[in-house]
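Sequence below, structure please.
(one chain, ligands or ions: 2)
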Amino acid sequence: MRIKDVVVREILDSRGETTIEVAIADDELRDFYAQIPSGRSRGKHEAAVLPFRDAEAAAARIERAISGRDFESIKDLDRYLIEMDGTPRKERLGGNVMLGVSLAFARALAFERKEELWQVLNREFFGGKADGPFRPLIFSNLINGGRHARNGLPVQEYMVVVRPRGSYVKTVGKLLRFYEILGDALRLKTGEEELPLGDEGGYATAFEDAFEPVQTLEDLITEHSLSEQFSIALDIAADSLYKDGAYDFGGLKLEAGTLRETYDDWFEWAPHLMSIEDPFEEGAGDDFAALRRDLAGVTGEKWVVGDDLTVTNPALIEKYAAAGAVDAVIIKANQAGTLSEACEAMNKASALGLKRIVSHRSGETEDNFLVHLARAGNAEGVKMGAPHESRVGKFNELLRLEGGMV
Ligand code: 2PG
Ligand code: MG
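Numbers count the residues shown, from 1 in each chain. Ligands and ions are numbered 1, 2, ... in the order given. Okay, the predicted model is just below:
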């Protein structure tokens, strides 16, 4: 397939900040689009994000270089772009621009083949096997803190993990109801009618300390007899707390060892707590591994999850799997900067026995490609915001792709 035009537009994300949309036109001047989300707590090894003016210039260079060339596959195009950029972090062409071109091209292929995007990805990267229904665990962020809110909570995300039970639409419905009863509980506690929300649609009210939101979720799960279906997951995003060898944890300066003891206590006090993402800064693989060893002694399945640690990068995933640092990894296509590399990271993780959680970013768009990526590689989990306003589209796409039917 040949690409004629590559255009970058500045658009708004769910936070009201700007990000980019990439449009390409094929030989017959049909247009295909990709909107690229944008993160606030970024790992330092993530693919670079070019601001709009530079992104425009990069798109023009890509257009000049690829027009008239035939690309047979997504890999073929991505390889060309990676070579053209020539830097480890995609600083010349920008991970946001490259992923946009890669994704818009995948949509052009899907159109040509009369397939869904996930089917094109599944065939090219995952051997064409996608049997049965797709019902991943849903990680939904219901209480926001850290850089995603203004309530002073050091922990960035308090999520619930919902296991599919019965029909998937019922499962998502239960999540919606849980979000409502959590709202009721917080209204009762604060006496406020209008609750403030954070960047991902989770509640962003004030709490006594960083553990209180965990206790709140824990109590609601027990009270409503949801233990079989609901668990709790945290994203500490500890990189944003780390300075000069210590973590600024709600006003306390904690060394890694003390922070680890805090987590050990939390897992003991909250039996529904099952997963903790980025518990330490992104260079601290040893601390991740030590926490994992602690959690091996706790009853139930417990996951230590890498995000800024592993940044959807096959080499880092391999390194930290070998170090025993993680049970699961977050997959974000824009950390990698092309679809090929994101899919390679997913394959690498599953070959090493790690779970894969395909994730949104805190600044999201209407583009629901994350669900297609998850479906294509049969991910164990998807991570999204609260089931609220601009975030609902992701849940609906999940329901649409559940059966794998076109
Ligand atoms: C994270 C994400 C998404 P951001 O840290 O996992 O929740 O946040 O997109 O700001 O990096
Ligand atoms: Mg994270």
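
going forward, measure contacts and count neighbours with C-alpha atoms only.
Will do.

Confirm that residue 183 lies within a helix, as I assumed.
Yes - assessed with DSSP: H, G, I helix; E, B strand; the rest coil, residue 183 lies in a helix.

ok, now which ones touch residue 168?
When contacts are counted by CA atoms under 8 Å, 6 or more residues apart in numbering, residue 168 touches 135, 399, 402.

Model confidence score at whatever residue of the stretch 151-300 of the chain ends up closest to ligand 1, please.
Relative to ligand 1, the nearest point of the stretch 151-300 of the chain is residue 237 (5.7 Å; CA to the nearest ligand atom). Confidence at residue 237, expressed as pLDDT, is 98.

The one 3 residues further on now?
If you check residue 240, the pLDDT there is 96.

any idea how far it is from residue 179?
Using CA to CA, to the nearest Å, we find residue 240 at a distance of 27 Å from residue 179.

One more: residue 266?
Using CA to CA, we find residue 266 at a distance of 22 Å from residue 179.

since we're on residue 265, how many residues are nearby?
The number of residues packed near residue 265 is 11, by other CA atoms under 10 Å.

Show me what counts as buried in the one helix or strand it maps to.
Using DSSP states H and E, residue 265 maps to helix 256-269. Neighbour counts over helix 256-269 (16 or more other CA atoms under 10 Å) mark 256, 259, 260, 263, 267 as buried.

Give me the nearest residue to the third one, chain neighbours excluded.
Closest residue to residue 260 in three dimensions, ignoring its sequence neighbours and counting by CA to CA, 6 or more residues apart in numbering: residue 291, at 6.4 Å.

Helices of the chain, start to end?
Counting by DSSP state H, the chain has helices at residues 52-66, 74-85, 95-113, 117-125, 168-190, 212-223, 256-269, 285-296, 314-322, 333-336, 339-351, 369-376, 392-401.

so can I have TSV of the ones you listed showing distance to residue 27 and mean pLDDT?
Output for these, formatted as TSV (distance: least, CA to CA, whole Å; pLDDT from 0 to 100):
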stretch	distance to residue 27	mean pLDDT
helix 52-66	12	97
helix 74-85	16	98
helix 95-113	11	98
helix 117-125	20	97
helix 168-190	40	97
helix 212-223	53	98
helix 256-269	56	98
helix 285-296	48	98
helix 314-322	34	98
helix 333-336	27	98
helix 339-351	22	98
helix 369-376	24	97
helix 392-401	29	94
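
most tightly surrounded among these?
Across the helices of the chain, the average number of neighbours (mean count of other CA atoms under 10 Å) peaks for helix 333-336, which reaches a mean of 30.

For that helix, name the packing helices and strands.
Here helix 333-336 touches helix 95-113, helix 339-351, going by 3 or more CA pairs under 8 Å, 6 or more residues apart in numbering; DSSP states H and E.

Could you point out which of those helices sits nearest ligand 1?
The nearest among those, by CA to the nearest ligand atom, is helix 95-113 at 13.3 Å.

helices or strands up against the helix holding residue 265?
strand 246-249, strand 273-277, helix 285-296.

again, 10 Å this time
Secondary-structure packing of helix 256-269 (3 or more CA pairs under 10 Å, 6 or more residues apart in numbering; DSSP states H and E): helix 212-223, strand 246-249, strand 252-254, strand 273-277, helix 285-296.

Just checking: what are the partner strands of the fourth one?
For strand 273-277, the paired strands and their directions (DSSP bridges) read strand 230-235 (parallel), strand 303-306 (parallel).

Redo those as CSV? Include mean neighbour count and distance to ligand 1.
Output for the strands paired with strand 273-277, formatted as CSV (neighbours: other CA atoms under 10 Å; distance: least, CA to the nearest ligand atom, whole Å):
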stretch, mean neighbour count, distance to ligand 1
strand 230-235, 24, 7
strand 303-306, 26, 9
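
right, so of those, which gets closest to residue 32?
strand 303-306 (32.5 Å; CA to CA).

Excluding residues flanking it in the chain, which one is nearest the most centrally placed residue in the chain?
Closest to where the C-alpha atoms of the chain average out (CA atoms, centre = their mean) is residue 359, at 1.9 Å. Nearest-residue entry for residue 359: residue 383, 4.5 Å, with adjacent residues in sequence omitted and distances by CA to CA, 6+ apart.

That neighbour - how many residues pack around it?
Counted with other CA under 10 Å, the neighbours of residue 383 add up to 24.

From ligand 1, how far off is it?
Going from residue 383 to ligand 1 by CA to the nearest ligand atom, to the nearest Å gives 8 Å.

ok, now which ones touch the closest residue to residue 89 other than its chain neighbours?
Excluding the flanking residues, the one nearest residue 89 by CA to CA, 6+ apart is residue 47, at 4.6 Å. Counting by CA atoms under 10 Å, 6 or more residues apart in numbering, residue 47 touches 87-91, 94-96, 98-99, 311-313, 333-338.

This protein against ligand 1: which residues are in contact?
39, 40, 41, 42, 237, 360, 361, 362 (CA under 6 Å from any ligand atom).

Which one of the residues you listed is nearest to residue 306?
Nearest member of the residues of the chain next to ligand 1 to residue 306, counting by CA to CA, is residue 237, at 9.8 Å.

list the contacts for that closest one?
Listed by CA under 10 Å, 6+ apart, the contact set of residue 237 reads 41-43, 146-147, 154-157, 276-282, 306-309.

try 7 Å this time
Neighbouring residues of residue 237 by CA atoms under 7 Å, 6 or more residues apart in numbering: 156, 278, 279.

now residue 143
157, 158, 159, 202, 203, 204.

give me that answer again for 6 Å
158, 202, 203 (CA atoms under 6 Å, 6 or more residues apart in numbering).
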